[in-house]
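Q: Got a predicted model here, sequence first, then my questions.
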Amino acid sequence: MIDWLYDAAKLSLGVIFKLWRMRVFGAGNVPATGPLIVACNHISYFDPPLLGTACPRRIRYMAKSSLFKIPILGPLIRGFGAYPVDRTGTPMAAVRRSVEVLRRGEVIGIFPEGTRNLDGTVQAREGVALLASLGKAPVVPAAVVGTARAGRFRQFKVVFGPALRLPPGRKATREELANFTDQVMQAIRKLPETAGGD
């Protein structure tokens, strides 16, 4: 990650998103230091830049490795904090790469459903819980509101909830990982209510 490039992009996007009257709630729930996972709903392609702009800390996202081979785009997204993951390889390779990021005390942004969830029917994956366990990182639930109709200049809202943690000091069981995934998703779904809904 190139810090000055990330910060410059964040500043520029912040100005642009003010046109949509972006409001941020609960930024104080984001721990100032240490490994962290920010788990967010995913409705629109606007969500990653909005989340990154609203978060007090720099967020890193995993991206498919083929994107990094594209001239201009590859260096650009690397500068913005994305890191390559080979989606044709084993899932554990992506997990190990992400755990390395967390062990350096950085922040990873994750969309637990794994894809845009326009109607709320996509089932969340347990990757966020597994990373939280292996990376010994708390999870801050987040919700982006208003991006489904971004073209109408509706107000964007980004809401951060209190951090959630797995039981410390031991490896989480499969049942605990499943329950934690549900806990994170329930927290994400409730967050829009704290910001006045959609």
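A: Perfect, I can see it now. Computed from a predicted structure; not experimentally measured.
Q: where along the protein do the strands fall?
A: Secondary structure of the chain by DSSP state E: the strands cover 23-25, 36-40, 59-60, 62-64, 83-85, 107-110, 139-145, 157-160.
Q: could you dump these to CSV with distance to residue 176, mean neighbour count and mean pLDDT?
A: For every residue, glycine as well, the C-beta is placed using N, CA and C. Output for the strands of the chain, formatted as CSV (distance: least, CB to CB, whole Å; neighbours: other CB atoms under 10 Å; pLDDT from 0 to 100):
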stretch, distance to residue 176, mean neighbour count, mean pLDDT
strand 23-25, 29, 18, 94
strand 36-40, 16, 26, 96
strand 59-60, 26, 24, 94
strand 62-64, 24, 17, 81
strand 83-85, 25, 19, 81
strand 107-110, 18, 24, 94
strand 139-145, 13, 26, 95
strand 157-160, 24, 26, 94
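Q: got these as CSV, with distance to residue 180 columns?
A: Formatted as CSV, the strands of the chain follow (distance: least, CB to CB, whole Å):
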stretch, distance to residue 180
strand 23-25, 23
strand 36-40, 10
strand 59-60, 21
strand 62-64, 20
strand 83-85, 22
strand 107-110, 13
strand 139-145, 8
strand 157-160, 18
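Q: and of those, who's closest to residue 170?
A: Of all the strands of the chain, it is strand 139-145 that lies closest to residue 170, at 17.4 Å by CB to CB.
Q: Contacts for the closest one, please.
A: The contact list for strand 139-145 (CB atoms under 8 Å, 6 or more residues apart in numbering) reads 29-31, 36-41, 43-44, 46-47, 50-51, 55, 128, 132, 156-165, 180, 184, 187-189, 191-192, 195, 197-198.
Q: that older thread, right, and the strands of the chain - which one's nearest residue 8?
A: Closest to residue 8 of these is strand 59-60 (CB to CB; 15.3 Å).
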